[in-house]
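1. Task: produce atomic coordinates for the following.
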Amino acid sequence: MKLHDLVPNPGSKKNRKRVGRGISAGQGKTAGRGTKGEGARSGQGGNMYRQGGNLPFYRRLPFMRGQGFTPRNQVEYNEVNLDQLTESFEANAEVNPDSLKEARLLRDPRNPVVILGRGEMKVALKVRAHRVSAGARAKIEAAGGSVELIG
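-> The predicted model follows:
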């Protein structure tokens, strides 16, 4: 077998239909677009604002147009950094969502807590949070503290 012997499987390749190339070609003249009207023009369709007398799609929606959307199942975390923990807690203190709420470090106490690694860890703390970044975990454990994830 040589390179010039290679051919695709029969029926796997199909030539595209060349439209509008004369009456004998089978798709000449109007090329399957009918006569006149929006569908016969180039660049037809796809405009959500023109719907032929119906109220346009964008006007049927409630307001706040052009803002994109927020995914419904997105989890919003309370972000707490290590420098905030160092300022607010003594050595060997237990850091959990309740103690963070008392220290007024949470934006919305109903949301889960994530510990992030900005700043240095100067004291050993027992941290219990829903999520801990890898950098924060390394700094906490290097300072002699411990990390436990809440389910």
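2. Can I take it that residue 24 is in a strand?
-> No. Counting by DSSP: H, G, I helix; E, B strand; the rest coil, residue 24 is not found in a strand; it is helix.
3. Report pLDDT for it.
-> Listed pLDDT for residue 24 reads 86.
4. Check the burial of it by counting its neighbours.
-> Residue 24 has 6 neighbouring residues, counting by other CB atoms under 10 Å. (Glycine included, C-beta is placed from N, CA and C.)
5. And the contacts of whichever helix in the chain runs longest?
-> Longest helix in the chain, counting residues (DSSP state H): helix 134-142. Residues outside helix 134-142 that contact it (CB atoms under 8 Å, 6 or more residues apart in numbering): 81, 82, 115, 116, 117, 120, 121, 125, 127, 132, 146, 147.
6. so what's residue 19 up against?
-> Taking CB under 8 Å, 6+ apart, we find residue 19 in contact with 25, 27, 28, 31, 32.
7. I meant residue 110, not that one.
-> Counting by CB under 8 Å, 6+ apart, residue 110 makes contact with nothing.
8. Nothing else from me, thank you.
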